[in-house]
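*Asks:* Whatever this is, show me its structure:
(one chain, ligands or ions: 1)
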Amino acid sequence: MGNVAVVVGGGIGGLAVAIGLRRVGWEVRVVERTSVLDDAGAGISLAANGLRALDALGVGEAVREAARGQYTGGTRTPEGGWLTRMDGAVLEKAVGTPIMGIARSTLHRLLRASLPGEVLLIGSEVESVQRIDHGRVRVGCADRVLEADLVVAADGIGSTVRGLLFPTHPGPAYSGSTVLRAITEPAMDLRSDFELTWGRGAEFGHIALRDGRAEWHAVLNLPAGTRFPDPLAELRRRFRDWHDPIPALLDATRPNAVLHHDVHELSRPLPSYTLGRIALLGDAAHAMTPHLGQGACQALEDAVTLASALATEPTVEAALARYDVERRPRSQAVARAARQAGRMGQRLSHPLAVALRNTAMRLTPPGAATRMILRHHAWVPPQLN
Ligand code: FAD
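*Replies:* Numbers count the residues shown, from 1 in each chain. This is a model prediction of the structure:
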């Protein structure tokens, strides 16, 4: 098989698959439409499955060194009572690592550092993909044309390539929630590594970062497109009576650091992640709600699985068939579970339903909550070399 690949999109999934493909002998170009390569965004939690995928790509150690283990924390009510407590040491014993929190820009930089500079074509937008002779694919960008034996579409939730491959698919749907998030500026003295607090149709969460700063997010049930003239002031108003350290986290945030996005997902699952010699990966294939913190972890699993299939199968077609069989059921099951976690968590707003949910959570033994988490985290990557 020829071994030239074009990856569309230089987010976490695109960079990860580029590293994986290079490790199994492919020549790779990553085409990224933005010209600033820092994966804007606040922080991200990496569970054991994502960290193992990073290990297989050879960047796990560097990521662990830059990240902070989430040993203490759990889920609370706005008044501060605990609904569940999570012990990272128990997870560590079960799957070898606690969940780790890292600034997205740091993760992106570490992935980029594993690729030679010439792999990345930045400021170039892919507009078309077209099958040519012998199954090869022509990739049309605004400023150039590339040819490849394999195209990996890692172009995110609004994927252009997915739209070209599956023109009748409805695309992403609004989840009903909007999210505001930021990283605090000064270091914070936090008592927990991570917390989630559920009110009625609202969630506030934070993760502590290694350098002492914290990333926080606020998720609200609101109509799509709702925007605030002063987002930080609006959050201070909405969360002013919530327990510490929520008001303090907002006070430690610069107004222009706040990002605001509506949460979309691919609520109708794709019938395939591949077509010809084109593979969809990450949010392009299975954008999910963030309620399990698994979107990027699944993209990392995709990356390692695809590289491994290409290293072991005799043809690109056979490798892509295996990729689809191995990745679609799992990632779509995680996406369903994330939606369900949102329904029972942040999205729940009826006072009676919230009270029942909270009682059930208080009565759930800690082991049961850990087992539920482990269901998604216990993934073992194939070896790449
Ligand atoms: P993206 O990161 O969206 O990257 C796509 C890239 O493609 C972008 O750089 C874009 O500019 C580029 N691009 C798009 N179109 C084109 C084109 N036509 N030509 C060239 N380039 C193009 N996941 C976790 O695992 N843990 C978490 O804690 C977590 N928290 C989250 C919190 C929130 C609020 C949200 C919204 C998501 C969270 N996720 C989390 C999910 C995670 O952020 C995504 O699943 C992950 O970033 C997807 O990576 P990706 O590379 O597939 O897509």
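
*Asks:* What pLDDT does the model give residue 284?
*Replies:* Reported pLDDT at residue 284 in the predicted model: 98.

*Asks:* Kindly apply the preceding question to residue 142 instead.
*Replies:* pLDDT, residue 142: 86.

*Asks:* could we number from 39 for the rest of this?
*Replies:* Fine by me, first position is 39 from now on; the one you just mentioned is residue 180.

*Asks:* Ignoring the adjacent residues along the chain, who's closest to it?
*Replies:* residue 163 (4.9 Å; CB to CB, 6 or more residues apart in numbering). To be clear about C-beta, it is placed using only N, CA and C from the backbone, and glycine gets the same treatment.

*Asks:* my guess is that neighbour contacts residue 182, does it?
*Replies:* No - contact criterion CB atoms under 8 Å: residue 163 and residue 182 do not qualify, at 10.6 Å.

*Asks:* Tell me which of those two has more neighbours.
*Replies:* With neighbours defined as other CB atoms under 10 Å, residue 163 and residue 182 compare such that residue 163 has more, 15 against 10.

*Asks:* I'd like to know which residues of this protein are adjacent to the ligand.
*Replies:* Within the chain, the positions lying close to the ligand (CB under 6 Å from any ligand atom) are 46-52, 69-72, 82-83, 88, 163-164, 192-194, 198, 217, 219, 255, 299, 301, 320-322, 328, 331-335, 337.

*Asks:* can you rerun that using 5 Å?
*Replies:* For the chain, the residues found near the ligand under the criterion CB under 5 Å from any ligand atom are 47, 49-51, 70-72, 82-83, 163-164, 192-194, 198, 217, 320-321, 328, 331, 333-335, 337.

*Asks:* mind listing which of those residues are in strands?
*Replies:* 70, 82, 83, 164, 217 (DSSP state E).

*Asks:* burial count for the fourth one?
*Replies:* Spelled out, that is residue 164. 25.

*Asks:* Contact partners for the residue nearest to it when sequence neighbours are not counted?
*Replies:* Of all residues not flanking residue 164 in the chain, residue 46 sits nearest, at 4.6 Å (CB to CB, 6+ apart). Going by CB atoms under 8 Å, 6 or more residues apart in numbering, residue 46 touches 52, 69, 164, 167, 177, 189, 190, 191, 192, 193, 198, 199.

*Asks:* what's the pLDDT at residue 46?
*Replies:* pLDDT, residue 46: 98.

*Asks:* That one bridge partners, please.
*Replies:* residue 69, residue 191 (DSSP bridges).

*Asks:* if we can go back for a sec, can you say which of the residues of the chain next to the ligand are buried?
*Replies:* With burial judged by 16 or more other CB atoms under 10 Å, the buried subset of the residues of the chain next to the ligand is 47, 49-51, 70-71, 82-83, 164, 192-194, 198, 217, 320-321, 328, 331, 333-335, 337.

*Asks:* and the closest residue to residue 63 other than its chain neighbours, what is it in contact with?
*Replies:* Nearest non-adjacent residue to residue 63, counting by CB to CB, 6+ apart: residue 41, 6.1 Å away. Taking CB under 8 Å, 6+ apart, we find residue 41 in contact with 63, 64, 65, 187.

*Asks:* from memory the first one sits against residue 345, does it?
*Replies:* Just to be clear, that refers to residue 63. No - judged on CB under 8 Å, residue 63 makes no contact with residue 345 at a distance of 9.7 Å.

*Asks:* With neighbour numbers in mind, choose between the two.
*Replies:* Legend: neighbour count by other CB under 10 Å for residue 63 and residue 345, higher for residue 345 (31 against 11).

*Asks:* Any idea what residue 139 is bridged to?
*Replies:* Beta-bridge pairing of residue 139 under DSSP bridges involves residue 83, residue 106.

*Asks:* Give the rounded mean pLDDT of whichever helix in the chain runs longest.
*Replies:* When the chain is parsed with DSSP state H, its longest helix is helix 354-382. For helix 354-382, the mean per-residue pLDDT is 96.

*Asks:* Which residues in it does the neighbour count mark as buried?
*Replies:* Neighbour-count burial for helix 354-382 [16+ other CB under 10 Å]: 354, 357-358, 360-362, 364-366, 368-370, 372-373, 375-377, 379-380.

*Asks:* With adjacent residues omitted, what lies nearest to the most centrally placed residue in the chain?
*Replies:* Closest to where the C-alpha atoms of the chain average out (CA atoms, centre = their mean) is residue 334, at 2.6 Å. Nearest non-adjacent residue to residue 334, counting by CB to CB, 6+ apart: residue 50, 4.9 Å away.

*Asks:* next one: residue 141
*Replies:* Closest to residue 141 by CB to CB, 6+ apart is residue 81, at 5.4 Å.
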